[in-house]
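>>> need a 3D model of the following:
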Amino acid sequence: MTFLVTGATGNVGRYLVARLAEAGHPVRALTRDPAAARLPEGVEAVAGDLTDLASVEAALEGVTGLHLLTAVGSTNQTVPNSDDIAAAAVKAGVRRVTTLWNGYKGPVEEAVEASGLEWTHLQPGEFMSNALTWAEDIRAEGVVREPFGEVAHAPTHAADIAAVGAVALTTGAHAGKAYELTGPEPLTVPDQVAAISAAIGREVRFEVLSEEQGKDRMRAMGLDDPTIDYVLGWRADPPAWTTRASDTVERVTGRPARTFAEWAREHADAFR
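Residues are numbered from 1 along each chain as shown. I've put the predicted structure just below:
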């Protein structure tokens with residue numbers, strides 16, 4: 001099979017590209033800037049954007065497996081032309097598709113389900129990589145500032161999300177499944193801060209922000225108010241399943257989900 005990975009340089013996409021390529025599969029990576037993609041040897045980088053249907057149609061030529069984002073850009077905007085993309089995939093001969101949700105089931109998932117393709121939905125809760133938004137403050141001040149830090153989540157390593165996607169795309173044994181993906185342990189923000197502190201060998205403090213202070217912080221990061229309200233709503237009152245550890249990653253992939261401590265050690269240089 002030949003696989004097209006959209007969002008190929010993103011948190012999950014880059015791990016999925018690498019995993020498929022390492023297994024010897026032909027992989028095509030859809031990215032806005034192929035020259036800057038830094039993809040594994042043998043991976044074909046093609047220029048395109050999910051908001052540009054013609055570029056997606058061209059990238060789908062000869063593809064039999066597709067990993068599809070459901071949102072684009074920092075504002076988490078739903079991918080437009082969902083029905084057209086699904087139809088283009090069918091026309092190109094795609095058999096299997098995985099979707100990576102943006103926090104809720106939406107038009108992309110609905111279009112894929114109606115298309116007749118073998119679909120698997122990947123529905124992670126909190127991403128471990130969200131902690132990278134703390135990197136600048138940790139490097140500069142040794143501090144993490146967040147609202148709702150006492151609310152526990154069970155964050156997932158992006159590599160584990162990709163691993164589930166790779167199994168679904170390459171085996172066909174998970175068609176029609178929607179996998180809610182969480183990590184191996186519920187953690188508060190102070191728990192995550194402690195793991196980062198241990199990984200870098202430096203004390204990192206946690207300071208509680210009010211909700212309004214949290215909004216101001218996210219505005220300074222360039223996020224718009226609807227996105228901020230959505231993210232903080234999720235952080236303050238998350239779906240119950242996102243706060244619980246699950247064994248889904250292990251059941252699908254055959255290996256335990258990675259811990260946040262492992263993630264922190266892998267990304268320690270970002271915080272030093």
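
>>> when you work out contacts or count neighbours from here on, use the C-alpha atoms and nothing else.
Fine.

>>> wait, doesn't residue 6 sit right on residue 72?
No - Residue 6 is not in contact with residue 72 according to C-alpha atoms under 8 Å; the separation is 10.2 Å.

>>> can you work out which residues contact both of these two?
residue 50 (C-alpha atoms under 8 Å, 6 or more residues apart in numbering).

>>> give me the more crowded residue out of the two.
When neighbours are counted by other C-alpha atoms under 10 Å, residue 6 and residue 72 differ, and residue 6 comes out ahead with 27 against 16.

>>> who's the residue nearest to the more buried one when sequence neighbours are not counted bridged to?
Nearest-residue entry for residue 6: residue 30, 4.9 Å, with adjacent residues in sequence omitted and distances by C-alpha to C-alpha, 6 or more residues apart in numbering. On the basis of DSSP bridges, residue 30 is bridged to residue 6, residue 46.

>>> residue contacts, residue 30?
Shown in contact with residue 30 (C-alpha under 8 Å, 6+ apart): 4, 5, 6, 7, 8, 45, 46, 47, 48, 49, 59.

>>> give me the pLDDT value at the last one.
Going back to what we said before, that points to residue 59. For residue 59, the pLDDT comes out at 97.

>>> wait, doesn't residue 203 sit right on residue 193?
No - here residue 203 does not reach residue 193: they are 9.2 Å apart, not a contact under C-alpha under 8 Å.

>>> neighbour count winner among those two?
Shown here are residue 203 and residue 193; by other C-alpha under 10 Å, residue 193 has more neighbours (23 against 13).

>>> any idea how far that one is from residue 143?
Using C-alpha to C-alpha, to the nearest Å, residue 193 is found at 9 Å from residue 143.

>>> likewise residue 158?
Residue 158 sits 24 Å away from residue 143, going by C-alpha to C-alpha.

>>> compare the two (neighbour count), which wins?
Between residue 158 and residue 143, counted using other C-alpha under 10 Å, residue 158 has the larger neighbour count: 21 against 17.

>>> skip the chain neighbours and tell me the closest residue to the more buried one.
Closest residue to residue 158 apart from its sequence neighbours, by C-alpha to C-alpha, 6+ apart: residue 12 at 5.0 Å.

>>> burial of the one you found, as a residue count?
By other C-alpha under 10 Å, the residues close to residue 12 number 24.

>>> now do the contacts for it.
Applying C-alpha under 8 Å, 6+ apart, the residues near residue 12 are 158, 159, 161, 162.

>>> now, those residues that are in helices?
Of these, the ones assigned to helices by DSSP state H are 158, 159, 161, 162.

>>> out of the residues you listed, grab the one that's most surrounded.
Within those, neighbour counts (other C-alpha under 10 Å) peak at residue 161, which reaches 27 neighbours.

>>> could you find the closest non-adjacent residue to that residue?
residue 12 (6.6 Å).

>>> against residue 128, how distant is the one you found?
For residue 12, the distance to residue 128 equals 11 Å [C-alpha to C-alpha].

>>> and residue 206, by the same measure?
Distance from residue 206 to residue 128, by C-alpha to C-alpha: 17 Å.

>>> who's more crowded, these two?
A side-by-side neighbour count of residue 206 and residue 128, using other C-alpha under 10 Å, places residue 128 first with 22 against 18.

>>> strands of the protein, start to end?
Secondary structure of the chain (DSSP state E): strands located at 3-6, 27-31, 44-47, 65-69, 71-72, 77-78, 96-100, 118-124, 143-146, 177-181, 205-208.
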